[in-house]
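Chemist: would you be able to build a 3D model of this:
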Amino acid sequence: MIGHLRGRLTRKQPPFLWLEVGGVGYELEAPMTTFYALPEPPSEQPVALFVHLLVREDAHLLFGFSDLPQRELFRSLLRINGVGPRVALAILSTLSADQFITCIHREDILTLTKVPGIGKKTAQRMLLDMRDRVDALARQTGGDPAAQPGDARAAPTPAQDAISALLALGYKAADANKAVRAVQDKGGASEQLIRHALQYLSHP
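Modeler: Got it, this is the predicted structure:
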């Protein structure tokens, strides 16, 4: 079981990142909250990520998180019927752990259903299943953050990166394009555009 990786970040392209550890390159998927915590490549500063390994018949998938509570929340979400890794990543990309815990305590179905992939029935099931778990999650402290480098090619624009990330999170192409266009005048790197676009989609 892989629980933790520390190495050189060689590429960031939401929702994927590449981490080189001892000459081996690991491809991980991560929520946008983790991307926000990572520096822009290139950099020689080592990055440390908590990791969840999901084993399937056709693939071994790695998911990376900037702190331990994020990973534990991800694992708790996977235990809920109807919530797979894509939906769990979308939740962690749209809401911080604290915001999610607040939603559960307040039984805020409206906010939960704004996350792509979550309908009313899934949100209600989440409230029931997570009610007894969120207090334990809230008591956990943050873990081992990160920092690191990247790779270069004919780079896509920040707007293209942002649209790709929103599509990977489950948003429709029309909604992703509309959101990025609406916030593009705010400028900034890909992660900033994605953050603004997610805020726009949550509060259109």
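
Chemist: residue contacts, A138?
Modeler: Contacts of A138 were listed using Cβ atoms under 8 Å, 6 or more residues apart in numbering, and they are 97-98, 101. (C-beta placed from N, C-alpha, C; glycine too.)

Chemist: per-residue pLDDT, it?
Modeler: Note for A138: predicted pLDDT of 71.

Chemist: please point out which parts of the host helix or strand of it sit buried.
Modeler: Per DSSP states H and E, A138 falls inside helix 134-139. Under the neighbour-count criterion of 16 or more other Cβ atoms under 10 Å, helix 134-139 has 134, 137-138 buried.

Chemist: re earlier: among the contacts of A138, the buried ones, what's the PyMOL command?
Modeler: In PyMOL, a selection of the buried entries from the contacts of A138 looks like this (16+ other Cβ under 10 Å):
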select buried, resi 97+101
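
Chemist: of the contacts of A138, which belong to helices?
Modeler: Mapping the contacts of A138 onto helices (DSSP state H) picks out 97-98, 101.

Chemist: which of these lies closest to Y26?
Modeler: Comparing these against Y26 with Cβ to Cβ places A97 closest, at 23.7 Å.

Chemist: contacting residues around the closest one?
Modeler: Each residue near A97 by Cβ under 8 Å, 6+ apart is listed here: 69-70, 73, 137-138.

Chemist: and the two most separated of these?
Modeler: Checking the contacts of A97 with Cβ to Cβ, the most distant pair is Q70 and A138, at 12.8 Å.

Chemist: so where's the protein shaky on pLDDT?
Modeler: 42-43, 139-156, 204 (pLDDT under 70).

Chemist: in it, which spans are strands?
Modeler: 4-13, 16-21, 24-29, 47-55, 60-65 (DSSP state E).

Chemist: I figured V134 was touching I104, is that so?
Modeler: Yes. If you go by Cβ atoms under 8 Å, V134 and I104 touch, sitting 4.8 Å apart.

Chemist: now the terminal residues of stretch 90-100, how far apart.
Modeler: 12 Å (Cα to Cα, to the nearest Å).

Chemist: how about it: buried residues?
Modeler: Using 16+ other Cβ under 10 Å as the test for burial, stretch 90-100 gives 90-95, 97, 100.

Chemist: what of stretch 108-127?
Modeler: For stretch 108-127, using 16+ other Cβ under 10 Å, the buried residues are 108-109, 111-118, 122-123, 125-127.

Chemist: show me those residues that map onto helices.
Modeler: Short answer: the buried residues of stretch 108-127 in helices (DSSP H) are 109, 111-112, 122-123, 125-127.

Chemist: closest one of those residues to R195?
Modeler: Nearest to R195 among those: T111, at 16.9 Å, using Cβ to Cβ.

Chemist: show me what contacts the closest one?
Modeler: By Cβ under 8 Å, 6+ apart, the neighbours of T111 are 95, 99, 103, 202.

Chemist: looking at the residues you listed, which is nearest R181?
Modeler: Nearest to R181, judged by Cβ to Cβ, of the contacts of T111 is S202 at 16.7 Å.
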